[in-house]
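Participant: The following comprises the amino acid sequence and a computationally predicted model.
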Amino acid sequence: MMLAVTEIQHVALLGLMGAGKTSVGSELAGLLGWALSDSDQVIEQTQGATVRELGERLGVDAMHELEAGHLLAALAAPEPSVICAAASVIDEPRCREALERPEVFSVWLEVDPGRLAARFASGPHRPVFDPDAERMFRQQLSRRARWFKEVADYRVRSDRSDAARTAALVAGALAAPAR
């Protein structure tokens, strides 16, 4: 089943590492019949290394610049897409501004930091900023929550259902007449 969505050009999935952006994005892209642009996958394909490897090799600032570049390029693409944005993009004013454009439907996938820490071990491509993953996620959430709230057109707890159900919730919100 594909939904008809005309005013929105891009759906940007936001959240901390491990929030389920790739899983939900894949499901949502299928529901909408839109292309999927996943930050980690695009960066790995274009750079020939995982984000973790790039962070170690180039430094965190350069890695975050690549992530911001992915988001801005994906939002500039003419074809409709579901964008799985890196968590770091929310730190960048130019990215927040782009996410607030009327043709972009921004979705914050919220997950409890304890659950994120449990998921974190399954992602060897993800950068490690603190050996205590739960503390790392609590600090990131504390720093970024206000910006996620500011730009999000829709918020959903992605740790309370599977990816297909979360994607259906997002698709329903996207199809609603008033945003």
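Facilitator: Ah, there it is. Keep in mind that what you see is a predicted model, and the values were worked out from it rather than measured. Numbering: from 1, shown residues only.
Participant: Next SSE downstream of the longest helix along the chain?
Facilitator: Looking across the chain with DSSP state H, the single longest helix is helix 133-151. Using DSSP states H and E, the helix or strand that directly follows helix 133-151 along the chain is strand 154-157.
Participant: packing partners for that next one?
Facilitator: Contacts defined by 3 or more C-beta pairs under 8 Å, 6 or more residues apart in numbering; DSSP states H and E place strand 154-157 against strand 104-110, helix 163-175. For the C-beta atoms, the positions are set from N, CA and C on the backbone; glycine is no exception.
Participant: possible to save these as JSON lines with mean pLDDT, mean neighbour count and distance to residue 22?
Facilitator: Below are those laid out as JSON lines (pLDDT from 0 to 100; neighbours: other C-beta atoms under 10 Å; distance: least, C-beta to C-beta, whole Å):
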{"stretch": "strand 104-110", "mean pLDDT": "96", "mean neighbour count": "24", "distance to residue 22": "10"}
{"stretch": "helix 163-175", "mean pLDDT": "93", "mean neighbour count": "18", "distance to residue 22": "9"}
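Participant: can I get these in TSV with distance to residue 12?
Facilitator: Listed next are these as TSV, based on distance: least, C-beta to C-beta, whole Å:
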stretch	distance to residue 12
strand 104-110	5
helix 163-175	11
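Participant: Of those, which is nearest residue 19?
Facilitator: Closest approach to residue 19 among the helices and strands packed on strand 154-157 (C-beta to C-beta): strand 104-110, 4.2 Å.
Participant: Past that closest one, which element shows up next along the chain?
Facilitator: Following strand 104-110 toward the C-terminus (DSSP H and E): helix 113-120.
Participant: pLDDT below threshold where in this structure?
Facilitator: Low-confidence segments of the chain, defined by pLDDT under 70: 1-6, 119-131, 177-179.
Participant: The same query, at a cut-off of 50, please.
Facilitator: Confidence mapping of the chain against pLDDT under 50 gives the ranges 1-4, 122, 125, 179.
Participant: returning to that earlier point: list the buried ones in the longest helix of the chain?
Facilitator: Residues 133-134, 136-138, 140-141, 144, 147-148, 151 are the ones in helix 133-151 that count as buried (16 or more other C-beta atoms under 10 Å).
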